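J.: Compute the structure for the input listed below.
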Amino acid sequence: MDTKYIFVTGGVVSSLGKGIISASIGKLLQARGYKVTIQKFDPYINIDPGTLNPYEHGECYVTVDGMETDLDLGHYERFTGIHTTRNNSITTGRIYKTVIDRERHGDYLGKTIQVVPHITDEIKRRMLREGLDEGFDFVITEVGGTIGDIESAPFMEAIRQLRWQLGRNAVCVHLTYVPYLKAAEELKTKPTQHSVKELQGMGIQPDILVLRTERHLSDSIRLKVASFCNVDLECVVQSEDMPSIYEVPVSMQKQGLDAAIMRKIGIPVGETPAMKPWHDFLEKQRNANREVHIGLVGKYDLQDAYKSIRESLNLAGIYNDVKTRIHFVNSEEITAENVASKLKGMAGIVVCPGFGSRGIEGKIIAAEYGRTNDIPTFGICLGMQMMVIEFARNVLGYKDANSAEMDEKTPHNVIDIMEEQKSITQMGGTMRLGAYDCELVKGSRTYEIYGDKPLISERHRHRYEFNNAYKEEYESNGMKCVGINPASDLVEIVEIPEKRWYIGTQFHPEYSSTVLHPHPLFMSFIKACIMS
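T.: So this is what the prediction gives:
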């Protein structure tokens with residue numbers, strides 16, 4: 001069949017959960033046997049989120065082909081199991097850069113470059129590309145921001161044009177908010193009406209409305225919204241607060257969201273898929289009655305800053321029949337004197353990734369505490385590097401050991417930048433980004449965790465590396481280099497076999513953990529924490 005396009009927009013306020021709704025739609029269509037992809041269009045002018053502070057934008061999610069993207073792509077992958085690429089994450093900055101580069105190249109033959117048609121044509125080209133190039137049955141496009149934002153206007157105009165060009169092959173899903181006024185004890189639909197009116201003013205009539213609400217909406221409220229917004233009653237669904245975001249696809253399926261989309265597009269609805277593996281997962285989640293407490297040592301006191309790590313820990317907990325209770329521990333506040341009290345009661349420690357020198361000494365102290373007290377400890381990216389530095393200082397005896405990132409003059413640069421990277425000055429240009437192969441040492445704990453696989457592939461986002469000049473000294477003193485990149489000989493994984501669980505990875509395993517396939521390293525880590 002021809003590729004079908006679903007556009008997901010949001011109104012009233014931001015952070016309503018467009019990413020979760022988009023991922024849920026993708027999951028429901030997958031369950032019906034369709035080949036699906038999901039893409040995110042963000043209106044900000046940054047080329048990508050790679051240079052954005054996590055406090056500004058949450059975590060930076062990395063695709064297999066090395067694109068730094070919005071965290072919603074993590075939701076897309078965790079829900080659907082698809083692998084997104086650089087084509088799934090587009091910003092205003094990338095759109096404008098493409099058009100400006102073409103203008104400088106002379107491609108427009110001297111024409112005056114304008115938002116319409118040049119910018120909107122480039123937006124449309126990218127919105128259609130996945131369907132045309134890859135042959136997907138459905139392409140779901142989420143547009144960031146809120147209706148009425150100045151910066152999102154070109155995207156709305158592109159969607160308006162595509163709705164006419166594609167006919168029944170396109171559907172618009174609009175997510176809005178229905179607030180509850182406690183003083184009046186009433187749910188108010190007026191914000192939704194105004195949001196839809198704003199969308200209609202841009203020439204777009206929504207086909208389906210998803211009403212975000214903290215309280216259950218009666219049929220009379222749904223009918224009111226349907227009447228005022230020119231939407232069929234069956235196409236007005238509610239997205240209530242759920243105990244878990246993973247309940248959302250089931251809720252949407254019960255209300256017939258996927259069926260409504262198919263009817264609007266003109267595809268026979270057929271029987272509702274059972275989605276047994278997903279329901280089995282939810283059942284395990286509901287039945288988990290024990291708790292495991294994990295200390296998350298990082299410098300960003302913001303839930304979204306470590307979103308994929310948090311979700312990976314939660315998923316691994318569910319599959320180990322426990323609820324993972326994550327306790328953020330600010331590494332800037334950790335000292336040798338208070339580390340015991342800061343990490344008291346933690347069954348395991350995760351030393352988080354990051355960039356820059358702020359908070360690293362606290363991470364080093366936390367790594368030492370985990371090692372010397374034999375607490376399961378998992379270092380990810382910079383966290384792995386902190387493990388390496390701590391070991392050099394307190395086991396190898398190099399008290400001034402450090403990373404060249406933090407101290408360019410350190411005499412013991414156990415973490416350093418590769419020689420060929422030193423001449424690159426463009427921001428992000430020196431980083432290893434995306435999936436790289438890693439050979440595992442047979443007989444190592446990590447080799448067993450991966451199911452005795454000799455070769456794995458994991459995603460990276462970092463600039464500095466383990467300095468191989470010290471490799472032999474580390475191994476002879478108990479820290480083994482058990483994962484090596486076959487092309488560059490760079491160290492990807494370290495572990496201390498004599499400890500119950502002490503592993504650091506230069507890559508980010510959290511990017512590869514999904515609802516139905518939790519990452520084996522997180523599974524093994526949580527299992528070790530339960531047994532501690």
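J.: which residues make contact with stretch 449-457 from outside it?
T.: Outside of stretch 449-457, the residues that reach it under the criterion C-beta atoms under 8 Å, 6 or more residues apart in numbering are 435-440, 442, 447, 483, 486, 520-521, 523-524. Just so you know, the C-beta spots here come from the backbone N, C-alpha and C atoms, and that holds for glycine as well.
J.: Restricting to C-alpha, output stretch 130-140 in CSV.
T.: Backbone C-alpha positions of stretch 130-140 (Å, rounded to 0.1, in the frame of the first residue of the first chain) are rendered in CSV as follows:
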residue,chain,number,x,y,z
GLU,A,130,11.3,7.9,5.2
GLY,A,131,8.2,6.7,3.4
LEU,A,132,9.6,7.2,-0.1
ASP,A,133,13.1,5.9,0.5
GLU,A,134,12.6,3.1,3.0
GLY,A,135,9.1,1.9,2.1
PHE,A,136,7.5,2.2,5.5
ASP,A,137,3.7,1.5,5.8
PHE,A,138,3.3,4.3,8.3
VAL,A,139,5.5,7.3,9.1
ILE,A,140,4.6,9.0,12.3
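J.: Let me know the average pLDDT across stretch 19-26.
T.: Here stretch 19-26 scores 98 as its mean pLDDT.
J.: for it, which positions count as buried?
T.: 19-26 (16 or more other C-beta atoms under 10 Å).
J.: Same check on stretch 245-253?
T.: For stretch 245-253, burial by neighbour count (16+ other C-beta under 10 Å) applies to 245-250, 252-253.
J.: Would you map the helices across the stretch 251-400 of the chain?
T.: 257-265, 276-287, 307-319, 339-342, 360-372, 382-394 (DSSP state H, counting those that start in this stretch).
J.: helices and strands around the last one, which ones?
T.: Taking 3 or more C-beta pairs under 8 Å, 6 or more residues apart in numbering; DSSP states H and E as the contact definition, the neighbouring helices and strands of helix 382-394 are strand 348-351, helix 360-372, strand 377-380, strand 402-403, strand 413-416, helix 471-476, strand 491-495, strand 502-505.
J.: contacts for it?
T.: Applying C-beta under 8 Å, 6+ apart, the external contacts of helix 382-394 come out as 297, 350-355, 360, 363-368, 371, 377, 379, 398-403, 412, 414-415, 462, 464, 466, 470, 474, 477, 479, 493-494, 502, 504-506.
J.: The fourth one now?
T.: Outside of helix 339-342, the residues within contact range by C-beta under 8 Å, 6+ apart are 295, 329, 333-334, 365-366, 369.
J.: Please apply the same query to the fifth one.
T.: Outside helix 360-372, the residues within contact range by C-beta under 8 Å, 6+ apart are 295, 297-299, 329-336, 339-340, 342-343, 349, 351-352, 375-377, 379, 382-383, 386-387, 389-391, 393-394, 406, 496, 499, 502.
J.: if you set the cut-off to 6 Å instead, what comes out?
T.: Contacts made with helix 360-372 from outside it, assessed by C-beta atoms under 6 Å, 6 or more residues apart in numbering, are listed as 297, 331-332, 334, 336, 339, 349, 351, 377, 386-387, 389-390, 394, 502.
J.: residues of that helix that come out buried?
T.: Within helix 360-372, the residues that count as buried by 16+ other C-beta under 10 Å are 360-371.
J.: mind exporting it as PDB, just the C-alpha atoms?
T.: Only the C-alpha atoms of helix 360-372 are listed here, as PDB (Å, rounded to 0.1, in the frame of the first residue of the first chain):
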ATOM      1  CA  ILE A 360      34.000  14.300  38.900                       C
ATOM      2  CA  GLU A 361      35.800  14.000  42.200                       C
ATOM      3  CA  GLY A 362      32.500  12.900  43.800                       C
ATOM      4  CA  LYS A 363      32.100  10.300  41.100                       C
ATOM      5  CA  ILE A 364      35.700   9.100  41.700                       C
ATOM      6  CA  ILE A 365      34.900   8.800  45.500                       C
ATOM      7  CA  ALA A 366      31.700   6.900  44.700                       C
ATOM      8  CA  ALA A 367      33.600   4.500  42.500                       C
ATOM      9  CA  GLU A 368      36.100   3.900  45.200                       C
ATOM     10  CA  TYR A 369      33.400   3.300  47.800                       C
ATOM     11  CA  GLY A 370      31.700   0.800  45.500                       C
ATOM     12  CA  ARG A 371      35.000  -1.000  44.800                       C
ATOM     13  CA  THR A 372      36.300  -1.100  48.400                       C
END
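J.: Taking helix 382-394 as reference, get the angle to it.
T.: What separates the directions of helix 360-372 and helix 382-394 is an angle of 70 degrees, with axes from the mean of the first three to the mean of the last three C-alpha atoms, to 10 degrees.
J.: so how far is the helix or strand of the chain with the lowest mean pLDDT from its chain's centroid?
T.: Of all the helices and strands that make up the chain, the one with the lowest confidence by mean pLDDT, DSSP states H and E is helix 54-57; it has a mean of 80. Shown here is helix 54-57, whose average C-alpha point lies 13 Å from the average C-alpha point of the whole chain (C-alpha atoms, centre = their mean, to the nearest Å).
J.: just stretch 465-476 next, same as before
T.: Here stretch 465-476 is found 32 Å from its chain centre; the criterion is C-alpha atoms, centre = their mean.
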